[in-house]
Structures are given as C-alpha cells and as structure tokens.
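Asker: the sequence and its predicted three-dimensional model are supplied below.
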Amino acid sequence: MPHFKDLIKSLIKKIIKGKTRSLCMTDAYPKKPARDNVNFFRNRCFNQKNKALIEAAAKFDTTFLLRHIYDQDLKHPEEYFDEKFSNRYGLQKIYELITINRTAMTILDIACGNAALLKELQKNGHNVIGIDISPVRILNNQRHIRKLYLALAEALPLEDESADIVVATEALEHVFDLDKTLKECYRVLKKGGEMFIQVPLENFADGTNHLRHFNENSIGFCLESYNFSIKKIKLIPYLTPPTPGWIGEGIIYL
C-alpha cells in the first residue's frame, strides 16, 4: 500500500509523547473512584494481543499502536458490515439528534473509521471533520470528506473551542489514554457545545481492541470529571434492525 508507511512516520513525529504511568486495571468503577484512576484498563484480557495493547497503552507507546493498526488494515482493508450507516442504530440515532432543527455546524467525529456518519451529515450542509488512526480508512474516504486527518484522539488537530459538536462512537473503549482524550474533547468544544458518545455496555461485543469496559457509573464519572454535564444516557441496540442478544450499546448525550 503506497504512502502508508510515510504517513505513519509523519504522524509519529507529530504525536505527543506521554510519560510512562502505572497500570490501573479494573472492569468497572465504583460510584466514586479516586480521581487519578480516570485512565483505567480492563483487568481480564480478551487474548494475548489485547494484553499487549493494554501494556503498550499504559506506556502510551503510540509506535506499537500504529504498527498494530497498520497490520490490521493490511489483513482487512475493506469496510466491515457493522461500519455501514444503514446497519448501525447508534449512528442513525446520533444523526437524528444532530439534524433536528439545527443550522449548519462544525462537527468533529473522533475515530471516524470510514466516515459513515460524516458523509450523511455533510449532505445536510454541516462542516464535518474526522480523525482516525487508520491510514487505510483515511485515504479511502478523503475523496468524500475533505477534512479527514490521520491523528490520535489524545492530540486533536483542532484549535480551542472550534467544534459545535464532538462525536465519539465506539471510540472510548479503544483510546490509549482516556484522560488525554476527554481533555482534548473538552478543549475543542465551543462553550455550550455538545458531545455524543456511544460505547459498548461492559463486555458486550468484546474484542482484541477493547482496552476498557464501561457501565453507567464509570462513563458518568469519567465525563463529569472533565466538567461535562450529562443530559441523557440510553441503552440502545447495536445493529439495525435490532438483533436478539445484541442490545448492549449505550448512547450518552452531553
């Protein structure tokens, strides 16, 4: 795949380097955990690759992350079934909430993947921006969305208070540093801006790339720690139409 290695090398030069931190591993927060536990990880690994990812995340080893994503893209560059807008209830619900009685806005999608949500929002005249760590997905979709950037959620390439809305669907369970990610989301949001988040409920649809699990208590604590005001938390299906046994996603409206 031409240019991918050059893109990755360029990104590595721009990535902020985090200090090595102790590994805080827990499946779910109590109602009021200690403030220094915001960047937490699961304590029961899905497999050996998952364990290696968690260990790399604890050291903020972004080189390991880039290599992992690059290898993953080489094996499966195509769009997954559950990445399609027509198959994702959460994307459709967020689209509905954003587009009801709204004028054109600047919308940032973190870990946008194939930019399925952004493509739909762009049709409504919104100024859409997407970031992802996958070179394949960025290059495959730049012809549709002009402002797609290869970047980390922990170092968003946006100015302070530049986005009306930030979206993070199926993202927070993957990021290396949850603390930095949420700080960045808060930084780029305009005053009075809104954030829409979708995460799996606990170990629902678990996999190698899931570094942490969330429940209502843990996601609520994390968001309120950064001065987000939670408007609504709702349990939703993962796929459209709802698949039996797949009702395990949570959508959070801030």
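Answerer: Done, it's in.
Asker: low-confidence bits of the stretch 51-200 of the chain, can you list those?
Answerer: For the stretch 51-200 of the chain, not a single residue meets the criterion pLDDT under 70.
Asker: and the strands in it?
Answerer: 106-110, 127-132, 148-150, 163-169, 189-200 (DSSP state E, counting those that start in this stretch).
Asker: which strands or helices does the shortest one pack on?
Answerer: Using 3 or more Cβ pairs under 8 Å, 6 or more residues apart in numbering; DSSP states H and E as the contact definition, the elements that strand 148-150 packs against are helix 4-14, strand 127-132, helix 135-141. C-beta coordinates here come from the backbone N, C-alpha and C atoms, glycine included.
Asker: cool, the second one as well?
Answerer: With contacts taken as 3+ Cβ pairs under 8 Å, 6+ apart, strand 127-132 sits against strand 106-110, helix 116-122, strand 148-150.
Asker: ok, now with 10 Å
Answerer: On a contact count with 3 or more Cβ pairs under 10 Å, 6 or more residues apart in numbering; DSSP states H and E, strand 127-132 meets strand 106-110, helix 116-122, helix 135-141, strand 148-150, strand 163-169.
Asker: ditto for the longest one
Answerer: Identification of packing neighbours for strand 189-200 by 3+ Cβ pairs under 10 Å, 6+ apart yields helix 89-99, strand 106-110, strand 163-169, helix 178-188, helix 216-224, strand 232-236, strand 249-253.
Asker: put the alpha carbons of it into CSV.
Answerer: Only the C-alpha atoms of strand 189-200 are listed here, as CSV (Å, rounded to 0.1, in the frame of the first residue of the first chain):
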residue,chain,number,x,y,z
LEU,A,189,-15.7,22.1,22.1
LYS,A,190,-17.2,25.6,21.9
LYS,A,191,-18.9,26.9,25.0
GLY,A,192,-22.4,25.4,25.0
GLY,A,193,-21.2,22.7,22.6
GLU,A,194,-22.5,19.2,22.7
MET,A,195,-20.9,15.7,22.6
PHE,A,196,-22.4,12.4,21.6
ILE,A,197,-20.8,9.2,22.8
GLN,A,198,-21.6,5.6,22.1
VAL,A,199,-19.8,2.8,24.0
PRO,A,200,-20.4,-1.0,24.5
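Asker: flag every buried residue along it.
Answerer: By neighbour count on 16 or more other Cβ atoms under 10 Å, the buried set for strand 189-200 is 189, 193-200.
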